[in-house]
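K.L.:
just coords:
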């Protein structure tokens, strides 16, 4: 009986044509880019409508660019919005108890498979979070929904694992290109963060998707969604060294933000507060901060105009910098949905301006250009938190068009990224996964390793004997050549150790004969479990210096269900590694 799939499928002939022709992926990438551009425009419009309705703004105004917000709205909208989000999330957990998968996790662990329905849910949560004024960015929702749509398209065409992962990257590239007005940055966001690497064959699909996403998103909006930069002055050789110092400070601050979000989450969890009340309290806190400066609300698109930043008094700028950082940490830590991409661009720009002013105080006469260090600061801080050094470098290049300025940005970005990797080891996305128990640090495909489990590799036809059996009886039951090894169990059927048949037939002393099988048992207490992946199994083989190990049931029973040899595990690991390598070479 043929069962109908739960998702839409392309006709068989069309699927075969797409799989057979590499250029077909470019066509799919263009379709993904167009769809992602529409996603960016639609989500941006939805948030703008929420701001107009909830904060009484005029169409075209941005929440974070307001000089003043009605105090009652500033307090009630984020707090009540947070309460509604919390209640909705609680109800959602009963309907969909599984956690939604983001593009990075999908490509690292699941071969590019994402839930379309889950992606829509995440996008709606992000729209609502930003719409009620929480200090979160929309870029997480953009990439989630665009990549989810791309994953569904790839699944409908039954794409190969590598091509499916590429489609997810195309969705993310197009979303970032449209959101920030930076096609190069969007493409390298996909390479660095979502695909986990670059190959010549992936350049065309990802590039086409990024360009399509950029043009479509900007065709639907009069105002640019990207980063606007004022004129920058001359960049001198001394700026290379000064930018390196700013890169160090950006890394330290970025690590602080990421740890701050985790600390806020843990603190609220320990309080035992009803979960829907946590975003409500977070929203109230953001509202209180907005009474001081509205720039802390939403993503910060409206606030990020460098001409205005330069003219802002330093005291006011420092206040916005501190309060925006606190608001972002509270918003994400209390349960609002969104990202830190644009928030770190905004904070980095403020921090770079403050750094330039502070450096002029310490070293009078340098007269550092505040616009230059605003660009350096935004790139270095975002590189620390987001984890894409070339992505942030290209944002600076596409924003300014200044190659020499991009050079000092690259210096700061490299230093910021390296310090973050050495001292912290995660980007914000992988840090959140780490807190949930995952071990991935990039989108590099390790899902095939997890799919290659001990259960799949073991031989289930395991022979067992009672560990109390006399050696003479064992010799009679298992003559030489009948078996290589036998699993010894106790009277209750629990694992005791491995018996090598050759050992039992070797010359034994009278003392050893009286001990029975207990005298020749190997690997007592050292076993494999069926859910272990191949890397974990090989590590146990190495530590035990074993050629074969028993596989026992998970839990406390320790009943043997199979046996696995190191040689077979190593051979299967080598075969799968070679297959993955051939796929990459084939892509090139």
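P.N.:
Yep, that arrived. This structure is a prediction, so every number in the text was calculated from the model and none was measured.

K.L.:
okay, now the unreliable bits of the stretch 401-550 of the chain?
P.N.:
434-448, 507-515 (pLDDT under 70).

K.L.:
how about the helices in it?
P.N.:
403-423, 428-435, 447-451, 454-457, 471-477, 501-505, 510-515, 534-544 (DSSP state H, counting those that start in this stretch).

K.L.:
distance to residue 485 and mean neighbour count added to those helices, as TSV?
P.N.:
To be clear about C-beta, it is placed using only N, CA and C from the backbone, and glycine gets the same treatment. As requested, these are exported to TSV (distance: least, CB to CB, whole Å; neighbours: other CB atoms under 10 Å):
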stretch	distance to residue 485	mean neighbour count
helix 403-423	44	21
helix 428-435	39	19
helix 447-451	26	17
helix 454-457	16	18
helix 471-477	12	14
helix 501-505	7	17
helix 510-515	18	11
helix 534-544	14	16
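
K.L.:
now distance to residue 25 too, for the ones you listed, in TSV please.
P.N.:
TSV is the format used below for those (distance: least, CB to CB, whole Å):
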stretch	distance to residue 25
helix 403-423	30
helix 428-435	25
helix 447-451	20
helix 454-457	30
helix 471-477	59
helix 501-505	54
helix 510-515	65
helix 534-544	30
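
K.L.:
of these, which is nearest residue 55?
P.N.:
Comparison of the helices of the stretch 401-550 of the chain against residue 55 by CB to CB identifies helix 428-435 as nearest, at 27.4 Å.

K.L.:
who touches that closest one?
P.N.:
Residues outside helix 428-435 that contact it (CB atoms under 8 Å, 6 or more residues apart in numbering) are 102, 104-105, 193, 257-258, 261-262, 265, 339-340, 385-387, 424, 426, 438, 440-442.

K.L.:
and stretch 530-539, by the same measure?
P.N.:
With CB under 8 Å, 6+ apart, stretch 530-539 has contacts from 449-455, 457-458, 528, 540, 549, 551, 553-554, 561-562, 564, 566, 569-570, 572-573, 576.

K.L.:
next up, the contacts around residue 242.
P.N.:
359, 368, 373.

K.L.:
quick one: which of the residues you listed is most hemmed in?
P.N.:
Sorting the contacts of residue 242 by how many neighbours each has (other CB atoms under 10 Å) puts residue 373 first, at 28 neighbours.

K.L.:
what are the contacting residues of stretch 41-49?
P.N.:
59, 123, 126-127, 130-131, 138, 141-142, 145, 178-179, 216-217, 219-221, 225, 298.

K.L.:
any idea of the mean pLDDT for that stretch?
P.N.:
What stretch 41-49 shows for mean pLDDT is 92.

K.L.:
report the distance from it to the chain centre.
P.N.:
The chain centroid and the centroid of stretch 41-49 are separated by 24 Å under CA atoms, centre = their mean, to the nearest Å.

K.L.:
mind pulling up the pLDDT for residue 304?
P.N.:
Residue 304 is given a pLDDT of 59.

K.L.:
renumber starting at 13 from here on
P.N.:
Sure, I'll start numbering at 13, so the last one becomes residue 316.

K.L.:
coming back round to it: now which of the contacts of stretch 53-61 would you call buried?
P.N.:
Buried by 16 or more other CB atoms under 10 Å: 135, 138-139, 142-143, 150, 153-154, 157, 190-191, 228-229, 237, 310, out of the contacts of stretch 53-61.

K.L.:
restricted to helices, list those residues.
P.N.:
Counting by DSSP state H, the part of the buried ones among the contacts of stretch 53-61 found in helices is 135, 138, 139, 142, 143, 153, 154, 157, 190, 191, 228, 229.

K.L.:
what's the first helix or strand after the helix or strand hosting residue 39?
P.N.:
Following DSSP states H and E, one finds residue 39 within helix 34-67. Using DSSP H and E, the next helix or strand after helix 34-67 towards the C-terminus is helix 83-107.

K.L.:
quick check: buried residues in that following helix?
P.N.:
Quick answer for helix 83-107 (16+ other CB under 10 Å): 85-99, 101.

K.L.:
ok, back up a step: what's the closest of the contacts of residue 254 to residue 282?
P.N.:
Distances from residue 282 to the contacts of residue 254, taken by CB to CB, are shortest for residue 385, at 39.3 Å.

K.L.:
run through the stretch 263-412 of the chain and note the low-pLDDT ranges.
P.N.:
For the stretch 263-412 of the chain (pLDDT under 70), the answer is 312-323.

K.L.:
is it true that residue 86 touches residue 304?
P.N.:
No: taking contacts as CB atoms under 8 Å, residue 86 lies outside contact range of residue 304: 10.0 Å.

K.L.:
now do the strands in this protein.
P.N.:
476-478, 497-501, 507-512, 533-534, 560-564, 572-577 (DSSP state E).

K.L.:
save those as a markdown table, and put in distance to residue 282 and mean neighbour count too.
P.N.:
Compiled in a markdown table, the strands of the chain are given as follows (distance: least, CB to CB, whole Å; neighbours: other CB under 10 Å):
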| stretch | distance to residue 282 | mean neighbour count |
| --- | --- | --- |
| strand 476-478 | 47 | 16 |
| strand 497-501 | 44 | 23 |
| strand 507-512 | 40 | 22 |
| strand 533-534 | 46 | 17 |
| strand 560-564 | 37 | 23 |
| strand 572-577 | 40 | 20 |
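
K.L.:
take those and lay them out in a markdown table including distance to residue 121.
P.N.:
Below are the strands of the chain laid out as a markdown table (distance: least, CB to CB, whole Å):
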| stretch | distance to residue 121 |
| --- | --- |
| strand 476-478 | 35 |
| strand 497-501 | 32 |
| strand 507-512 | 30 |
| strand 533-534 | 35 |
| strand 560-564 | 23 |
| strand 572-577 | 23 |
